[in-house]
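Peer 1: predicted model follows, preceded by the sequence.
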Amino acid sequence: MAEEAAQCRNVYIIGAQCTGKTTLVNSLEDNFDSSSCDQPGKQMSKPVIIREVARTVLREKKFSRDDITNSPSRALQLQKYILEAQMEAEEAASKSDHPSPWYICDRSGLDPIVYARVFVGEEAADDMLASEAWQELEGRMKTGIVILCEAGCSWLVDDGTRLMPDGMEDWMRIDDTYRKLLAAREIDYTVCSRNLVSRADRVQLVKERLALSAASSRSG
């Protein structure tokens, strides 16, 4: 008899720019190509990978990263586009006919709200928090596993597309806004420390959270 696939919770890899999120998502994808759940008799199914939607939105909607810091109105419009694109991506990954029952997200619906709060203002962020898109995505995040990649890590490379932090203070301000919004929305999360630099160790952190979640589901 074929082994039963273990049901996994969706995973969200979030945090400020340049904190290793995409690298972690790619490493997880490689790892899950042939990995198991580390639980006897349980085979972990391969997840759907939801790539960062912001890059596609920037390109298709003709925005640049400078719009985020130089034009509050364009910055807000961009973040709203990103929120909608995130909802569409998660809905597509959740279709019942999809071969995989779970997914790993490079960012989340909370990310554009964080950037709206930092670069536009609290009122703009509150408006996005009241949107139907966020109401749907928030529910998904609360039942998922959220990994916050901590700012302040040593690998800071400008790729010409993503927003670069304007010094450590700016970087940590974004990180702090993530933590405050996660707490305010009562979304549980695990911090991936900036001192955890090994890709293998970061992958192990996520897999340990998945294993704990699976064990909790079975005992419940």
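Peer 2: Received, thanks.

Peer 1: C-alpha only now, for contacts and for neighbours.
Peer 2: Fine.

Peer 1: for the chain, where's the lowest mean pLDDT among helices and strands?
Peer 2: Ranked by mean pLDDT, DSSP states H and E, the weakest helix or strand in the chain is strand 4-6, scoring a mean of 49.

Peer 1: following that one, which helix or strand comes up?
Peer 2: Next helix or strand after strand 4-6 toward the C-terminus (DSSP states H and E): strand 11-15.

Peer 1: what sits up against that next one?
Peer 2: By Cα atoms under 8 Å, 6 or more residues apart in numbering, the surrounding residues in contact with strand 11-15 are 21, 24-25, 103-108, 111, 141, 144-151, 175, 178.

Peer 1: among those residues, which are in helices?
Peer 2: Lys21, Leu24, Val25, Asp111, Met141, Asp175, Tyr178 (DSSP state H).

Peer 1: want to throw those into CSV with distance to Asp201, neighbour count and pLDDT?
Peer 2: CSV is the format used below for these (distance: Cα to Cα, whole Å; neighbours: other Cα atoms under 10 Å; pLDDT from 0 to 100):
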residue, distance to Asp201, neighbour count, pLDDT
Lys21, 14, 24, 96
Leu24, 10, 20, 98
Val25, 13, 24, 98
Asp111, 24, 21, 98
Met141, 23, 20, 98
Asp175, 21, 21, 97
Tyr178, 23, 24, 99
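
Peer 1: what is the nearest of these to Val203?
Peer 2: Ranking the ones in helices among the contacts of strand 11-15 by separation from Val203, with Cα to Cα as the measure, puts Leu24 on top at 6.8 Å.

Peer 1: tell me who's in contact with that closest one.
Peer 2: Leu24 neighbours (Cα under 8 Å, 6+ apart): Ile13, Arg199, Arg202, Val203.

Peer 1: pick out the residue nearest the middle of the protein.
Peer 2: Arg107 (2.5 Å; Cα atoms, centre = their mean).

Peer 1: so it touches Glu52, yeah?
Peer 2: Yes: between Arg107 and Glu52 there is a contact under Cα atoms under 8 Å: 6.1 Å.

Peer 1: low-confidence stretches in this structure?
Peer 2: 1-7, 34-43, 96, 98, 154-167, 218-220 (pLDDT under 70).

Peer 1: now render the contacts of Leu24 as CSV, adding neighbour count, distance to Asp30 and secondary structure.
Peer 2: Converted to CSV, the contacts of Leu24 look like this (neighbours: other Cα atoms under 10 Å; distance: Cα to Cα, whole Å; DSSP: H, G, I helix; E, B strand; the rest coil):
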residue, neighbour count, distance to Asp30, secondary structure
Ile13, 23, 16, strand
Arg199, 15, 11, helix
Arg202, 21, 13, helix
Val203, 19, 10, helix
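
Peer 1: buried sites along stretch 77-96?
Peer 2: Applying a neighbour-count criterion of 16 or more other Cα atoms under 10 Å, the buried positions in stretch 77-96 are 77-87, 89-90, 93-94.

Peer 1: check stretch 135-155 too.
Peer 2: 137-138, 140-142, 144-153.

Peer 1: other residues contacting stretch 97-113?
Peer 2: 7-15, 21-22, 25, 45-52, 79-80, 82-83, 86-87, 93-94, 125, 128-129, 134, 137-138, 178.
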